[in-house]
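Trainee: Pasted the sequence and its predicted model underneath.
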Amino acid sequence: MKTIVNYLDQLTYEYSQLCQRSSDGTIYGIAEGKQCRKGKPISANPIQEVNSREASLRSSPKYRETPGSSTKIPRKSEEYYREVAKELVSREPGLARGAQDFISGKSEEVPLSVLYAVQGFNAKPELVATTKDLMKRNDVLKKDNGETILFYRGSSADRTDQLLGVGEMGDVHGAGKGMFGNGTYASATNKGWDGDDKKARDTAISYARSIKDGRNLDEKVATFALRSDANILDFDTDYDFDDWFESVIPKAERATGLTFNDVGQAAAALGIHAYKIPGADSGTIREDYWVILNRGAIIATVEELE
């Protein structure tokens, strides 16, 4: 039978097997033998904290080519797409507000969130660590001087995380709104401009700082590039854009047999990943606006914009 002395001796021995935290903060695990009891290190790796940014980079998809459809949606009945909308909302209740009128039959307009799901435009973007990583990529849109065209979007922290595919809402691409068509808006330096991106950055920052919804006061700017094989409309002049803007809805309705009241929805239905609203006719202004429809068509950095 063990005595209390034997028991205490055993506890003392077991405690001596634990390596202590060293002066540099390294923690060692349970050791074998006298080496640890003398305070010498054993073969063990320091405990490292894993932050959300590193976790996002590790889980980031890597695509050989841009995911998502580059063609029009299947020609199906409105009822078919209502069933798609119901199934989508059952998985993502947060999308119910935008799709409820369509599901109930009050509206014939197919919501952008449903089009994203059908076209595969909810694909998460590829993430890189820094803006320098974006500048080194060869598979993205470039300026005339060969530099990467950087895109900037200012929004709340929640919506920015959603665009990057992280956080609670990261599984879907949020369906935004805008006067040149619904979608996710971003500013970018004109491809003919050789100067820096200050104007485009400042535009995004001003949008981020304007968000005062009483719930999330964090301003946050996403920085990303567009994949060069994405199905984009890079209009050279505002005349070209105006012609397309006037014709895309009837074109999409003829192609699909559905009803569209918004340019962004029509473009998504036709398989367009992003389109440009040119700032000027020939690169004389430093900034363009873009509407991003396919989230998988971007490569974004998790680096915070300073």
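Mentor: Now that the structure is in, tell me what you want to look at.
Trainee: Verify the stated contact: residue 81 with residue 117.
Mentor: No: the criterion here is Cβ atoms under 8 Å, and residue 81 misses it with residue 117 at 9.9 Å. Yep, even glycine has a C-beta here, placed from its N, CA and C like the rest.
Trainee: average model confidence for the helix or strand harbouring residue 265?
Mentor: Element membership for residue 265 (DSSP states H and E) is helix 263-269. Helix 263-269 carries an average pLDDT of 98.
Trainee: what about it, distance to the chain center?
Mentor: Helix 263-269 has its C-alpha centroid displaced from the chain centroid by 19 Å (Cα atoms, centre = their mean, to the nearest Å).
Trainee: and residue 66, how many neighbours?
Mentor: Counted with other Cβ atoms under 10 Å, the neighbours of residue 66 add up to 23.
Trainee: which intervals of the stretch 1-150 of the chain have sub-threshold pLDDT?
Mentor: Confidence mapping of the stretch 1-150 of the chain against pLDDT under 70 gives the ranges 1-51.
Trainee: So which residues of it form helices?
Mentor: In the stretch 1-150 of the chain, the segments counted as helices under DSSP state H, counting those that start in this stretch are 4-16, 34-37, 52-59, 78-91, 96-104, 112-119, 131-136.
Trainee: so what strands line up beside the strand or helix carrying residue 186?
Mentor: Here residue 186 sits within strand 184-189, counting by DSSP H and E. Sheet pairing of strand 184-189 (DSSP bridges) gives strand 151-156 (antiparallel), strand 287-292 (antiparallel).
Trainee: That one: how far from the chain's middle?
Mentor: 14 Å.
Trainee: got the CA coordinates for that strand in CSV?
Mentor: The C-alpha trace of strand 184-189 is given here as CSV (Å, rounded to 0.1, in the frame of the first residue of the first chain):
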residue,chain,number,x,y,z
THR,A,184,-19.7,45.3,-55.8
TYR,A,185,-18.2,48.6,-56.6
ALA,A,186,-14.5,49.4,-56.6
SER,A,187,-12.2,52.2,-57.7
ALA,A,188,-9.0,51.6,-59.8
THR,A,189,-6.3,53.7,-61.4
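Trainee: Need the residues that contact whatever helix or strand comes next after it.
Mentor: The helix or strand immediately downstream of strand 184-189 is helix 198-209, counting by DSSP H and E. For helix 198-209, contacts defined as Cβ atoms under 8 Å, 6 or more residues apart in numbering pick out 150-156, 186-189, 219-222, 286-287, 305.
Trainee: buried ones in helix 198-209?
Mentor: Under the neighbour-count criterion of 16 or more other Cβ atoms under 10 Å, helix 198-209 has 199, 200, 201, 203, 204, 205, 207, 208 buried.
Trainee: Work out the gap between the helix or strand following that helix and the centre of the chain.
Mentor: Downstream of helix 198-209, the next assigned helix or strand under DSSP H and E is strand 219-226. Remark: strand 219-226 is offset 9 Å from the chain centroid, using Cα atoms, centre = their mean.
Trainee: by how many degrees do strand 219-226 and strand 151-156 diverge?
Mentor: 150 degrees (axes from the mean of the first three to the mean of the last three Cα atoms, to 10 degrees).
Trainee: and strand 219-226, what does it pack onto?
Mentor: Helices and strands touching strand 219-226, by 3 or more Cβ pairs under 8 Å, 6 or more residues apart in numbering; DSSP states H and E, are helix 131-136, strand 151-156, helix 157-164, helix 198-209, strand 298-301.
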